[in-house]
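J.: predicted coordinates and the sequence they were generated for:
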Amino acid sequence: MVSLKDISKACGVSIATVSKALNDHSDISKDTKEKIREVAEQLGYHPNAAAQALKTNRSNNIGVLFVDEANSGLTHDYFSHVLDSFKKKAEQEGFDITFINGDRTRNNNMSYLSHAIYRGFDGVVIACVDFSDPEVDELIKSNIPVVTIDHSFFNRISIVSDNIKGMRELVTYVYEQGHRKIAYIHGHEDTAVTQSRLASFHKTLQDLGVTIPDEYLLEAPYRNIEEAKKATDKLLDLKNPPTCILYSDDFAAFGGMNAIRERGLRVPNDISIAGYDGIEIARRISPLMTTIVQDTDRIGRLAASKLIDLINNPKATLIEQIVIPGTLEKGESVGKIKRK
């Protein structure tokens with residue numbers, strides 16, 4: 001590793017002069033600065049990150065808290081795209097990202113806040129976690145800049161998908177296709193996303209004058225194909241089964257497709273289905289999935305941008321909730337029913 005001493009020898013100046021030149025001090029001439037920087041570049045000098053952090057009280061490192069209960073990790077299509085967009089924007093602004101250890105079996109016994117302090121993170125983004133966890137609450141209440149994704153706290157910036165509008169558009173489209181017997185297999189986790197979508201589902205049906213039986217509402221874990229398949233079987237076994245089933249996400253909808261096909265039925269000829277999230281594979285299969293495509297790129301970029309604003313300019317950065325709308329992908333999995 002090239003040191004300041006190596007550069008000073010090559011330039012014939014003191015180590016102090018090299019340090020001042022690289023840090024753009026005013027008492028070093030322009031020519032000397034240019035010469036020293038040129039030599040430093042030729043030698044492949046890179047400043048030590050730890051030393052820079054001590055000097056500036058900044059690590060240029062952002063922590064990412066991502067704890068997926070289904071253990072899908074970065075194979076989680078929605079959040080992997082959000083975090084990829086977040087990473088790209090953060091790196092463009094000169095920040096590195098590091099994941100906070102969310103494994104409950106971790107042997108260092110550190111809380112999320114302790115880990116963030118230990119690593120010297122300039123800020124933290126929180127996504128896909130149990131927001132009622134006391135450790136999360138501790139981190140939220142700390143002085144560390146924090147931005148949350150798909151969950152809101154009154155004193156923190158949040159970037160959320162417009163789940164209310166998305167569900168309203170999806171149910172309205174299904175209704176316009178002639179369906180009145182509409183079921184919904186929703187996520188069983190008690191999250192803001194689940195609550196918003198479920199409330200919007202009920203409100204939209206109410207506004208449209210549609211009443212559905214209680215047995216049309218079932219729950220299954222997000223992204224769980226097998227549990228969604230079981231729930232679909234229960235709906236199909238009803239004396240008066242639905243004509244259209246909505247799912248909590250596109251992966252769950254795949255489970256529904258499996259159940260329907262195993263009975264020798266076809267989508268959408270015999271029964272219609274719709275997913276949520278708009279993952280890539282759902283828009284490549286046949287029939288194309290009817291779904292709400294979430295703007296993962298914009299969510300990730302905005303989360304990074306707002307967190308960096310909070311780090312660089314905390315006093316002038318507004319604490320706000322930013323709602324990002326999705327787009328209805330009509331696809332081919334919802335058929336049209338002729339009304340008499």
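T.: Okay, I see it.
J.: now do the buried residues in the helix or strand that Val82 is a member of.
T.: Using DSSP states H and E, Val82 sits within helix 77-92. Neighbour counts using 16 or more other C-beta atoms under 10 Å place 77-83, 85-87, 89-90 of helix 77-92 among the buried residues. In this view, the C-beta of every residue, glycine as well, is placed from N, C-alpha and C.
J.: what does stretch 186-198 give?
T.: In stretch 186-198, counting by 16+ other C-beta under 10 Å, buried: 186-187, 191, 193-194, 196-198.
J.: which of those fall in strands?
T.: Those of the buried residues of stretch 186-198 mapping onto strands are 186-187, per DSSP state E.
J.: lowest-confidence one in the buried residues of stretch 186-198?
T.: Lowest pLDDT of the buried residues of stretch 186-198: Thr191, 83.
J.: would you agree it is in contact with Phe131?
T.: Yes - here Thr191 reaches Phe131: they are 7.4 Å apart, a contact under C-beta atoms under 8 Å.
J.: who touches both of those two?
T.: His151 (C-beta atoms under 8 Å, 6 or more residues apart in numbering).
J.: ok so, going back, out of the buried residues of stretch 186-198, who's nearest Leu170?
T.: Using C-beta to C-beta, the shortest approach to Leu170 within the buried residues of stretch 186-198 belongs to Arg197, at 9.2 Å.
J.: if we can go back for a sec, and the buried residues of stretch 186-198 as a markdown table, adding distance to Ile271?
T.: Listed next are the buried residues of stretch 186-198 as a markdown table, based on distance: C-beta to C-beta, whole Å:
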| residue | distance to Ile271 |
| --- | --- |
| His186 | 18 |
| Gly187 | 21 |
| Thr191 | 28 |
| Val193 | 26 |
| Thr194 | 24 |
| Ser196 | 26 |
| Arg197 | 21 |
| Leu198 | 22 |
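J.: where's Ile260 relative to Ala304, distance?
T.: 40 Å (C-beta to C-beta, to the nearest Å).
J.: out of those two, which sits in the more crowded spot?
T.: Ala304 (27 against 22; other C-beta atoms under 10 Å).
J.: what kind of secondary structure is the more buried one in?
T.: When classified by DSSP: H, G, I helix; E, B strand; the rest coil, Ala304 comes out as helix.
J.: just to revisit the earlier point, closest to Leu4 out of the buried residues of helix 77-92?
T.: Using C-beta to C-beta, those come closest to Leu4 at Ala90, 28.7 Å.
J.: name the nearest residue to the closest one, ignoring sequence neighbours.
T.: Ala304 (4.6 Å; C-beta to C-beta, 6 or more residues apart in numbering).
J.: picking up where we left off before, from the contact counts, what lies against the helix holding Val82?
T.: Judged by 3 or more C-beta pairs under 8 Å, 6 or more residues apart in numbering; DSSP states H and E, helix 77-92 is in contact with strand 61-66, strand 96-99, strand 123-127, helix 296-312.
J.: what about Ala199, how many residues close to it?
T.: If we define neighbours as other C-beta under 10 Å, then Ala199 has 13 of them.
J.: tell me the pLDDT of the closest residue to Asp96 other than its chain neighbours.
T.: In space, not counting the residues next to it along the chain, Asp96 is nearest to Asn61; the distance is 4.9 Å by C-beta to C-beta, 6+ apart. With respect to pLDDT, Asn61 scores 92.
J.: the closest residue in space to Pro213 that isn't next to it in sequence and Ile182, how far apart?
T.: Excluding the flanking residues, the one nearest Pro213 by C-beta to C-beta, 6+ apart is Asn240, at 7.6 Å. To Ile182, Asn240 is 13 Å away according to C-beta to C-beta.
J.: likewise for Val171?
T.: 7 Å.
J.: might you list the low-confidence residue ranges for the stretch 1-150 of the chain?
T.: Scanning the stretch 1-150 of the chain for pLDDT under 70 picks out 47-58, 68-75, 103-108.
J.: now the helices for it?
T.: Using DSSP state H, counting those that start in this stretch, the helices of the stretch 1-150 of the chain run over 4-11, 15-22, 30-43, 49-56, 77-92, 112-119, 134-140.
J.: want to throw those helices into JSON lines with distance to Val147?
T.: Formatted as JSON lines, the helices of the stretch 1-150 of the chain follow (distance: least, C-beta to C-beta, whole Å):
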{"stretch": "helix 4-11", "distance to Val147": "37"}
{"stretch": "helix 15-22", "distance to Val147": "33"}
{"stretch": "helix 30-43", "distance to Val147": "35"}
{"stretch": "helix 49-56", "distance to Val147": "21"}
{"stretch": "helix 77-92", "distance to Val147": "9"}
{"stretch": "helix 112-119", "distance to Val147": "13"}
{"stretch": "helix 134-140", "distance to Val147": "11"}
